[in-house]
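>>> fold the following for me, if possible:
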Amino acid sequence: MEERKGAIVTGGSRGIGRAICIRLAKAGYNIAFNYQSNDEVANETVKLCEYEGAKVLALKFDISDSEKCASFVSEAAAFLGTVDVLVNNAGITKDNLLPRMKDEELECVLNVNLKGSFYMMREVSRIMLRKRTGSIINMSSVVGLTGNAGQVNYSASKAAVIGMTKSLAKELGSRKIRVNAIAPGMIETDMTASLPENVKATICDSIPFKEMGRPDDVAAVVEFLAGDNSRYITGQVINVDGGMVI
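Numbers count the residues shown, from 1 in each chain. So this is what the prediction gives:
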């Protein structure tokens, strides 16, 4: 039986993160993921991944804390035996119009979406450099490409993730370590479920597919970028948006 590979996923307990963990578990990876708050939801994700035959480590901590990120990567590497894939999925929003936006609404979003991804890439890249192989997948957003009213902070964080992705791809390419980003559009998650129905209808009408995507649509692209079929792809941003950004 082929030995399972190891994947680290941030924000893995629910929504897109859960779909990614399950998809990678099915594909033959053991999983280590972090989550922010809900123990019950995280435990459910653990069970769903274990059902697919994976060993699973779930740790509760704030991804914006660099020391905790370093500790997590160290513990995850020991648990998994190897780190073949990192998926920086954890993210938050603190939406507001810019004239009303508070300093903490900017700082919280940048700390999680940007700094958290940076800390995780820094730690995992040290492991992958020794292995001379690996795949890092960062979650950006269509608003990192197009911008969006009321999301100056979030758009900035996701655009910065793209910049980090391309820069690190150039740094690590000679060691055959791939670094790519995914830019989801409107995906059915807890975040979008809270939108009023008329708002969701308006948004869907602007999408060529006329519907929102599902978390597994994103997870499928993660699986592709994690595996050997994407061996010659790095520094790219793949939109998963039903044609939203055309």
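>>> contacts for the helix or strand bottoming out on mean pLDDT in the chain?
Lowest on mean pLDDT, DSSP states H and E among the helices and strands of the chain sits helix 190-193, with a mean of 78. Residues from elsewhere that reach helix 190-193 (C-beta atoms under 8 Å, 6 or more residues apart in numbering): 14-15, 93, 186, 200, 212. Every C-beta, even on glycine, is put in place using the N, C-alpha and C of the backbone.
>>> again, but for stretch 54-66
Applying C-beta under 8 Å, 6+ apart, the contact partners of stretch 54-66 are 4, 10-13, 21, 24-25, 29-37, 39, 42-43, 45-46, 49-50, 68-69, 72, 75-76, 79-80, 90, 111-112, 115-116, 119-120.
>>> please flag which of those residues sit within strands.
29-35 (DSSP state E).
>>> mind putting the residues you listed into JSON lines with distance to I238 and neighbour count?
What follows is those, written out as JSON lines (distance: C-beta to C-beta, whole Å; neighbours: other C-beta atoms under 10 Å):
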{"residue": "Y29", "distance to I238": "20", "neighbour count": "27"}
{"residue": "N30", "distance to I238": "25", "neighbour count": "23"}
{"residue": "I31", "distance to I238": "22", "neighbour count": "30"}
{"residue": "A32", "distance to I238": "24", "neighbour count": "27"}
{"residue": "F33", "distance to I238": "22", "neighbour count": "29"}
{"residue": "N34", "distance to I238": "24", "neighbour count": "27"}
{"residue": "Y35", "distance to I238": "25", "neighbour count": "24"}
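>>> quick one on the thing from earlier: I'd like the distance from the next helix or strand after the least confident helix or strand of the chain to the chain centre, please.
The first helix or strand that comes after helix 190-193 along the chain, using DSSP states H and E, is helix 197-205. When distances are taken as C-alpha atoms, centre = their mean, to the nearest Å, helix 197-205 is centred 25 Å away from the chain's centroid.
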